[in-house]
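Chemist: No sequence on hand, only this structure:
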C-alpha cells in the first residue's frame, strides 16, 4: 500500500494505492485528479520512492508543486522522471520505455486525453488495441516491479448512467485492466471520492475531501456511507 496523504481517501482505500496493480481515478474536469496525483507523488518521495510521472495534459505544475511542498519542489523533482507527451504515438513509446526506468511508482495523468482525439481521427479498432496494449504493459510493470500504478481517466456525459451522469472513457478496456477504480466528483465546495471497484473493499462507499492551498484535506465529521 502507498498512502495518498489524504486521510479520508486512504481510509476509503483501506490504506492507500494497491501495489502490483493499476489504480484508476476518473472524474470530470476540476474534481481534483491532478492534485491527487501530485499529492501521491509527494507522499511517495517522502517515503524514499522514485516516481515516473507521464504528463499528457500539461497539468504538471511546478508552481502547484511548490505550494504543496512549501517551496521545496526541487527536492522532490530530483526523485522524479517527468515525461511530457503530446500525441498518442509518443505515449505508446514512453509507456514502453518505463520498463527501463528504475522507479517505485508510475503515474499517468491522463491515460485517455490523447486517446480520445486519436479515436475520432484514426482507425478506432487499432486505437483501442493500442490502449489495451498500454494497459497490459502498465499492469505488467506494476507486477514485475511490485509497485502501484496510478492512472487518471477522463469522462463523457451519459445521463442514463448510475455514476452521476458521467462514464469513464475507455470502457471495458480500462475497467478490466484496473483493479482499483475511484470516481471523483464535486460536492458543493468539496470533492467526493467514490469507490467503484476494489480488491477487498465494498463498492459504493465514499469519502469527502477538499482541495486546499497545501493539498487535499479530509472533511471533518464525514464518515462515508
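Modeler: Everything's here; your move. Keep in mind the model is a prediction, meaning the values are calculated, not measured.

Chemist: hey, let's count contacts and neighbours off CA atoms from now on
Modeler: Noted.

Chemist: State the distance from residue 179 to residue 42.
Modeler: Distance of residue 179 to residue 42, given as CA to CA, to the nearest Å: 23 Å.

Chemist: The two: who's more crowded?
Modeler: Legend: neighbour count by other CA atoms under 10 Å for residue 179 and residue 42, higher for residue 42 (23 against 17).

Chemist: where do the helices sit along the protein?
Modeler: Ranges of helices in the chain, per DSSP state H, are 7-12, 33-46, 62-69, 73-77, 88-97, 115-121, 124-145, 171-177.

Chemist: what comes up buried for the last one?
Modeler: In this case it means helix 171-177. 173, 174, 175, 177 (16 or more other CA atoms under 10 Å).

Chemist: Point out the other elements, helices or strands, that it touches.
Modeler: Helix 171-177 is packed against helix 124-145, with contacts defined by 3 or more CA pairs under 8 Å, 6 or more residues apart in numbering; DSSP states H and E.

Chemist: what about 10 Å?
Modeler: If you count contacts as 3 or more CA pairs under 10 Å, 6 or more residues apart in numbering; DSSP states H and E, helix 171-177 packs onto strand 22-27, helix 124-145, strand 190-197.

Chemist: buried residues in the second one?
Modeler: So the one you mean is helix 124-145. So, applying 16+ other CA under 10 Å, buried residues of helix 124-145: 127-128, 130-143.

Chemist: who wins for proximity to residue 24 among the helices of the chain?
Modeler: Nearest of the helices of the chain to residue 24, taken as CA to CA: helix 171-177 at 8.2 Å.

Chemist: per-residue pLDDT, residue 166?
Modeler: Residue 166 is assigned 86 on the pLDDT scale.

Chemist: and it, how far is that from residue 156?
Modeler: Residue 166 is 5 Å from residue 156, where distance means CA to CA.

Chemist: if you count what's nearby, which of those two comes out ahead?
Modeler: The residue with more neighbours, out of residue 166 and residue 156 and counting by other CA under 10 Å, is residue 166; that gives 20 against 12.

Chemist: Look up the residues forming beta bridges with the more buried one.
Modeler: residue 157 (DSSP bridges).

Chemist: how far away is it from residue 59?
Modeler: In terms of CA to CA, residue 166 sits 22 Å off from residue 59.

Chemist: now residue 190
Modeler: Distance of residue 190 to residue 59, computed by CA to CA: 21 Å.

Chemist: Could you list the low-pLDDT ranges of this structure?
Modeler: Where the chain drops to pLDDT under 70, the residues are 159-164, 221-225.

Chemist: can you do 90?
Modeler: By pLDDT under 90, the weakly predicted segments of the chain are 119-124, 156-166, 200, 220-225.
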